[in-house]
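K.L.:
3D model of this:
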Amino acid sequence: MARGRSRLSDSIWTFFTETIRFIVVPLVLIDLVRSSWPQLSTAFLGHIVEYALFFGGLVVAASTLEVMNKPGTFKRMFFGISSLAFLCLWLFVVFGGGIASFVYNQYTIKFDMSKIVYIMLIGISLRGLLVVRTYTDNKHLVVEGPKPPPPTKPATRRPASPAFGAMSRVAYQVTGDDDVGSSPRPPLDAQEGAGTCPVCGAEVVPGSRSCKQCGAWL
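P.N.:
Sure thing, here's the model as predicted:
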């Protein structure tokens, strides 16, 4: 949001400064020259005010739109080159193509500064290389459309702990100190010496599940 406000303020400031440079000040100077030297004439002097307003307004509009767009966008480069083209036309019209004549009594003095004007136009046109360079240097920073989501790594599964069901089941004797076994004991009548306790050897009442002598589970 701050970048948007900064770009808007830059555009307003550009509009204000370019209006002063290419419309207000030139019109004041043109009026001063025409009132001070009415004998001066150029190819566009008859409609110089209209031409200065027209081409000056195009320079202001193109320069403002150039600043309004981000560096690296095609729109910024387009308006930047357009503002330079309008500036060359404005300069050529204001200076009358570099040819002016001054009439004094019966004498006519002709000034030919067309070469100087053409050199100025070439120098202004070279600034277009800077506009194109700005576009090419910042083109990769401009992202067209939404950014693609970053690639996600597949979730790695932690190896599961071995289940109790996979453990080997070994039958063991249950003593009086243990209360859980891995497998049930076979029926009393199926064991060897079903009438005696396998731990202490005492006689056990048939059908009983524990030894009364040592307390072992049968």
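
K.L.:
domain parsing of this structure, as residue ranges.
P.N.:
Under automatic domain parsing, the residue ranges defining each domain of the chain are 2-141, 171-218.

K.L.:
nearest to residue 152, of these?
P.N.:
Proximity to residue 152 (CB to CB) singles out domain 2-141 among the domains of the chain, at 24.7 Å. Every C-beta, even on glycine, is put in place using the N, C-alpha and C of the backbone.

K.L.:
let me see the mean pLDDT of that closest one.
P.N.:
In this model, domain 2-141 has a mean pLDDT of 88.

K.L.:
and the strands in this protein, which stretches?
P.N.:
40-42, 99-104, 107-112 (DSSP state E).

K.L.:
what's next to the first one, contact-wise?
P.N.:
The set of residues external to strand 40-42 that reach it, using CB atoms under 8 Å, 6 or more residues apart in numbering, is 33-34, 48, 95-97, 99-103.

K.L.:
now, of these, which are buried?
P.N.:
48, 95-97, 100-101 (16 or more other CB atoms under 10 Å).

K.L.:
if we can go back for a sec, among the domains of the chain, show me which one is buried the most.
P.N.:
Highest mean neighbour count of these: domain 2-141, a mean of 15 (counted as mean count of other CB atoms under 10 Å).

K.L.:
ok now that domain, how far from the chain's centre?
P.N.:
Computed by CA atoms, centre = their mean, to the nearest Å, the chain-centroid distance of domain 2-141 equals 33 Å.

K.L.:
just put the domains of the chain in CSV and tack on distance to residue 152.
P.N.:
As requested, these are exported to CSV (distance: least, CB to CB, whole Å):
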stretch, distance to residue 152
domain 2-141, 25
domain 171-218, 45
